[in-house]
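Enquirer: please work out how this folds:
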Amino acid sequence: MDHYNELVKSLDENDHSWTTLMVKLCGTLKTVDKLVVFADFNVQLLLEKVAMLESLLKRGDSTVKGLEQKMH
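Expert: You can find the predicted model right below:
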């Protein structure tokens, strides 16, 4: 956010440092993009693991119900 604010100020004041600030802002945006991709990948892995755990719980519940029915 700092790079963006500096860039806006530079453009408002007709300061020639805007080119350097634009490069910094682009670098920051590339870094953020990589972080978002990485986070998305990790979320997908977590969702797969949650689905696997749900499946295991359902099988366990089914097994318990079957055992309860056999006991009664």
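Enquirer: could you use CA atoms for every contact and neighbour count after this?
Expert: OK.
Enquirer: can you count the residues close to S10?
Expert: Residue neighbour count, defined by other C-alpha atoms under 10 Å, stands at 16 for S10.
Enquirer: mind starting the numbering at 55 from now?
Expert: OK, 55 is where the count begins now, so the last one is S64.
Enquirer: count of residues packed around the nearest residue to it once chain neighbours are set aside?
Expert: The shortest distance from S64 to any non-neighbouring residue, by C-alpha to C-alpha, 6 or more residues apart in numbering, is to W72 (5.6 Å). Neighbour count of W72, defined by other C-alpha under 10 Å: 19.
Enquirer: buried stuff in stretch 89-107?
Expert: Buried residues in stretch 89-107, counting neighbours by 16 or more other C-alpha atoms under 10 Å, are absent.
Enquirer: ugh, wrong one, stretch 60-69
Expert: Quick answer for stretch 60-69 (16+ other C-alpha under 10 Å): E60, L61, S64.
Enquirer: thank you kindly, that will do.
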